[in-house]
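sequence and predicted model, in that order:
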Amino acid sequence: MSEQMDVLVVDKGGMPREWTGFEEEAARYYALGKVICDLGSPIHTFHGGKNSNGEQSKIVFSSIIMVDGPILGAKFMTRETIYAERKILYARDLLMCAYCGQVGKNINDKNLTIDHVHPQSRGGKHTWQNTVTSCRGCNHAKANRTPEEWGTPLLYVPYAPNLQEKLLLKNRKVKADQMEYLLANIPKTSRAWQLNKLN
């Protein structure tokens, strides 16, 4: 059995919105006639029942679909929740501790933590620009200090990923055509262009 790939859902303006499995919302988009066009390559065929003529229905799922109307289940982009998007932050930072450069083994590595560059207890905000990936050792050693006070500067600058980058970082099983579609609107300065280092 082949590995299931997710479908990239884009709105009628071409803006990427969300990932979905083809057995979830993607099937609903097709069944409700909401798919305007297929923008990617075929990734799965779902066979249904037969009609009175003996013809079997089928839906061929594309890797990228453009849909009309509201995006089903697109809560992912509506608010910034760093802890809920921990894996996206780790992927943004290429699994690398912002202080010592130690690289985690994978996105679920228990040694990876989120550090607030300017500590929350001292008024630091819970934002993309104030959070970085840190190994447990550095997070503990830094404690309630800024990098300057600790004497260990950041190895990279934290930033807020744009919508396309968050989608790319969210899904590690990205097909080439999906990657190309998303990268088209991600700045060349983004670390998303270095994702091959995570594979």
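Alright, I've got the coordinates.

name the nearest residue to residue 72, sequence neighbours excluded.
residue 25 (4.2 Å; CB to CB, 6 or more residues apart in numbering). The way it works is simple: take the backbone N, C-alpha and C, and place the C-beta from them, glycine included.

for the spatially most central residue of the chain, which non-adjacent residue is spatially closest?
Centroid check for the chain by CA atoms, centre = their mean gives residue 170 as the closest residue, at 1.8 Å. Excluding the flanking residues, the one nearest residue 170 by CB to CB, 6+ apart is residue 88, at 5.5 Å.

the one you found in helix, strand or coil?
Judged by DSSP: H, G, I helix; E, B strand; the rest coil, the three-state class of residue 88 is helix.

low pLDDT regions in this structure?
1-4, 73-84, 195-199 (pLDDT under 70).

ranges for the helices of the chain?
For the chain, the helices defined by DSSP state H occupy 25-31, 86-92, 136-142, 147-150, 163-170, 176-183.

ranking the ones you listed by burial, who's on top?
Of all these, helix 163-170 carries the top mean neighbour count, a mean of 23, counting by mean count of other CB atoms under 10 Å.

and it, what does it pack onto?
Applying 3 or more CB pairs under 8 Å, 6 or more residues apart in numbering; DSSP states H and E, one finds that helix 163-170 contacts strand 16-21, helix 86-92, helix 176-183.

so what strands line up beside the first one?
Spelled out, that is strand 16-21. As defined by DSSP bridges, the strand partners of strand 16-21 come to strand 6-10 (antiparallel).

ok and the partner strand relative to helix 176-183, angle-wise?
40 degrees (axes from the mean of the first three to the mean of the last three CA atoms, to 10 degrees).

select, out of the helices of the chain, the one closest to residue 110.
Among these, helix 136-142 comes nearest to residue 110, with 8.2 Å by CB to CB.

how far off centre is the closest one?
In terms of CA atoms, centre = their mean, to the nearest Å, the centre of helix 136-142 is found 26 Å from the chain centre.

repeat that for stretch 53-65.
27 Å.

so which bits of it are buried?
59, 61-65 (16 or more other CB atoms under 10 Å).

could you give the separation between the terminal residues of it?
30 Å (CA to CA, to the nearest Å).
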